[in-house]
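> Test case, fold it:
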Amino acid sequence: MNLMRFNFHILFLISILFSNYTIADHSVEHLPDSVSKILARHKLPKGSLSLYIQEYDSPVPLVALNIDTPRNPASVMKLLPTYAGLEILGPDYTWETHVHLDGKLSNGTLNGNLIIEGRGDPFLVRETFWHLLFTLRNRGIKHITGDLLIDDEYFEDEIGSPADFDNRPYRVYNTFPDAALLNFRAHQFYFIPMDNRLHIYADPPASNLQISNKVKLVTGACHGKHRQLKFNVIKQGSVTTVEFAGNYPKNCGNQELLRAVMPNGEYIFGVFKALWQDMGGTIDGTIGKTTVDADRPFYIVPSKPLTEIITYINKYSNNVMTRQLLLTIGGEYLNTTGSKPAGRKAIADWLNTIGILAPKLIIENGSGLSRSARVSAKTLALLLQHALHSPYQPEFFSSLPLVGVDGTVRKRLKGIIPPGSARIKTGIIDDVRAMAGYVKSKNNKNYIIVTLQNYKGVQNTIGTLVQDEVLKWLYQQ
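Model prediction:
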């Protein structure tokens, strides 16, 4: 791939147009009275909040408070790689997963190894993987005498542990990126009361995953669904055992629990073998790693286009998909192995190209699941302004959650502002509450809005109150 797939001529024209809509340097610090009252009531200092509001293409903002202060944006950071991805990779960009045969195929038997070469697909989910195996069976493979080998060299290995962020290594939001990532490494555990006992099973099935069910089905009220259960992961050789213990009230009914309990290679092999055997296939070997040199794969699985990928990312705030995207941007931009430094450089260079100077920007991993990530309200507002005039504006807008309708804000402000009046990406981690996007008021005025709030405990109800009050006030303008 060339250095960048976006059209430099178009970007040059856009940057000229964009120069007419820069953010005013002076501050308009007057907050809506209702917002000021919330801050005062909960003893939140005015300095903890950055707020920027501006009508589309207006020469001056409506509100501009602490807009140059770099703050942790949590998942609002996802706006940068998703919009940059549209401009750098193109909306029709797709990833590919290649399957290679390392051996001779004869009479239904592959005498050798089957190789899966991952190329960064952020959404290689169970259904796609099942179809991949189904296709291999229908292309004549039934028995594999060798191993299942994984080539994940397209991305640089992540350093550290999934426990590093919040000491919750099995939470799917902490899943590390991988060039051969399958189904986010996630298992959905189902809890179903049946015949005076609790039935537990995992989807997708995995040949190297066992469930130890020590749960007692009891009577009584359901408090917190499956929160009374004890969850433990035990690794013994090539087998992972997930142990559940404790009490489960019958009144809880059917429940689900999503967790990532296995390393990616073991996960791929376990799911592969379970599905492959279910299709009547066999494999004699185990899991391994390799590097592929072959140019002509046996089979290629294309991903969904980038436009759909960024919709999954922004509407549902998927962290690992964002991290996959950042590595892809870096790898394609520098024509090298995908890495976080390469992704950061690609986005920084692109921002410079379109006239957005962001010297205090710290992207870290791109998802916002970070203690060190920083961006100013001004940088985000400039980004949102630029998107208004991009040829990919419809694709970017469509990826944002609609307040009261879908995604992470489907329950927000229902019955208070009309559904779809605001397209907002939100972010929340400990001591951080943030949002950014677009609002259409009842008087058909269109606004850019950014709020970044960093303060101890603001991730709780207080931060949401501030955001909702800002949105309600802005809708009335």
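> Just the buried residues of stretch 179-198, please?
Across stretch 179-198, burial judged by 16 or more other C-beta atoms under 10 Å covers 179-187, 189, 191, 193, 198. In this view, the C-beta of every residue, glycine as well, is placed from N, C-alpha and C.
> what about residue 456, how many neighbours?
For residue 456, the count of nearby residues is 10 (other C-beta atoms under 10 Å).
> For residue 287, grab phi and psi.
phi -100, psi 150 (degrees, to the nearest 10).
> re earlier: nearest to residue 261 among the buried residues of stretch 179-198?
Nearest to residue 261 among these is residue 187, at 6.4 Å by C-beta to C-beta.
> what about the nearest residue to that closest one once chain neighbours are set aside, helix or strand, and which?
Among residues not flanking residue 187 along the chain, residue 202 sits closest, at 4.5 Å (C-beta to C-beta, 6 or more residues apart in numbering). Under the criterion of DSSP states H and E, residue 202 resides in strand 197-203.
> Quick check: the farthest pair among the buried residues of stretch 179-198?
179 and 193 (40.7 Å).
> wouldn't residue 328 be in contact with residue 338 here?
Yes - using C-beta atoms under 8 Å, residue 328 is in contact with residue 338, at 5.7 Å.
> which residues of the protein score low on pLDDT?
1-28 (pLDDT under 70).
> So if we follow the domain assignment, how does it break up?
Domain assignment for the chain by automatic domain parsing gives 8-93+305-475, 96-164+172-181+264-302, 187-259.
> Looking at the ones you listed, which one is packed in the most?
Of all these, domain 8-93+305-475 has the most neighbours on average by mean count of other C-beta atoms under 10 Å, namely a mean of 20.
> Of the buried residues of stretch 179-198, which is the nearest to residue 65?
Out of the buried residues of stretch 179-198, the member with the shortest distance to residue 65 (by C-beta to C-beta) is residue 184, at 37.6 Å.
> residue contacts, the closest one?
Neighbour list for residue 184: 125, 172, 175, 260, 318, 320 [criterion: C-beta atoms under 8 Å, 6 or more residues apart in numbering].
> That one - that's part of a helix, no?
Yes - under DSSP: H, G, I helix; E, B strand; the rest coil, residue 184 falls within a helix.
> do you know how far it is from residue 173?
Here the criterion is C-beta to C-beta, to the nearest Å. By it, residue 184 lies 9 Å from residue 173.
> do the same with residue 52
Taken as C-beta to C-beta, the span from residue 52 to residue 173 is 28 Å.
> Could you do residue 234 as well?
Distance of residue 234 to residue 173, given as C-beta to C-beta: 23 Å.
> again with residue 276
Taking C-beta to C-beta as the measure, residue 276 falls 29 Å from residue 173.
> Residue 309 now?
17 Å.
> Next: residue 447.
Between residue 447 and residue 173 the computed distance is 30 Å (C-beta to C-beta).
> So residue 332 is in contact with residue 89, correct?
Yes - here residue 332 reaches residue 89: they are 6.2 Å apart, a contact under C-beta under 8 Å.
> what do residue 184 and residue 173 both touch?
By C-beta under 8 Å, 6+ apart, residue 184 and residue 173 have these common neighbours: residue 320.
> Once you drop chain neighbours, what's closest to residue 65?
residue 51 (4.5 Å).
> Can you say which helix or strand has the one you found in it?
Using DSSP H and E, the element containing residue 51 is strand 49-55.
> Would you give the sheet partners of that strand, along with the direction of each?
strand 63-65 (antiparallel), strand 446-454 (antiparallel) (DSSP bridges).
> Tell me which residues touch residue 200, please.
By C-beta under 8 Å, 6+ apart, residue 200 lies in contact with 189, 190, 191, 192, 211, 213, 215, 244.
> And for residue 318?
122, 184, 312.
> From residue 267, how far off is the first one?
Okay, so that is residue 122. 16 Å.
> what's the answer for the second one, then?
Residue 184 sits 10 Å away from residue 267, taking C-beta to C-beta as the criterion.
> list residues touching both of these two?
Contact criterion C-beta under 8 Å, 6+ apart; no residue bridges residue 184 and residue 267 by contacting each.
> rewinding a little: mind putting the contacts of residue 184 into CSV with secondary structure and distance to residue 113?
As requested, these are exported to CSV (DSSP: H, G, I helix; E, B strand; the rest coil; distance: C-beta to C-beta, whole Å):
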residue, secondary structure, distance to residue 113
125, coil, 24
172, helix, 30
175, coil, 26
260, coil, 26
318, coil, 32
320, helix, 27
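> Looking at the residues you listed, which is nearest residue 132?
Nearest member of the contacts of residue 184 to residue 132, counting by C-beta to C-beta, is residue 125, at 10.9 Å.
> Let me see the backbone angles for the closest one.
Taking degrees, to the nearest 10 as the convention, residue 125 sits at phi -100, psi 180.
> Could you tell me which residues make contact with it?
Contact analysis of residue 125 by C-beta under 8 Å, 6+ apart lists 183, 184.
> before we move on, the earlier item: can you tell me which of the contacts of residue 184 is nearest residue 465?
With C-beta to C-beta as the yardstick, the closest approach to residue 465 among the contacts of residue 184 comes from residue 318, at 26.4 Å.
> roughly how far apart are that closest one and residue 274?
25 Å.
> follow-up on the earlier one: any idea how far the residue nearest to residue 187 is from residue 196?
22 Å.
> Then residue 146?
Residue 146 is 46 Å from residue 196, by C-beta to C-beta.
> And for residue 80?
Spatial separation of residue 80 from residue 196 under the definition C-beta to C-beta is 53 Å.
> Next: residue 108.
46 Å.
> With residue 79 instead?
For residue 79, the distance to residue 196 - C-beta to C-beta - is 51 Å.
> what do you get for residue 130?
For residue 130 relative to residue 196 (C-beta to C-beta), the value is 34 Å.
> same thing with residue 46?
Here residue 46 is placed at a distance of 59 Å from residue 196 (C-beta to C-beta).
> now do residue 263
For residue 263 relative to residue 196 (C-beta to C-beta), the value is 36 Å.
> Please apply the same query to residue 41.
On the measure of C-beta to C-beta, residue 41 and residue 196 end up 51 Å apart.
> do the same with residue 305
49 Å.
> Residue 133 now?
For residue 133 relative to residue 196 (C-beta to C-beta), the value is 37 Å.
> got it, and residue 102?
Following C-beta to C-beta, the distance that separates residue 102 from residue 196 is 50 Å.
> Contacts only, for the closest residue to residue 317 other than its chain neighbours.
Spatially, and ignoring its direct neighbours in sequence, residue 317 is nearest to residue 75 (4.7 Å; C-beta to C-beta, 6+ apart). Residues in contact with residue 75, defined by C-beta under 8 Å, 6+ apart, are 317, 319, 367, 368, 369, 425, 426, 427, 428, 429, 434.
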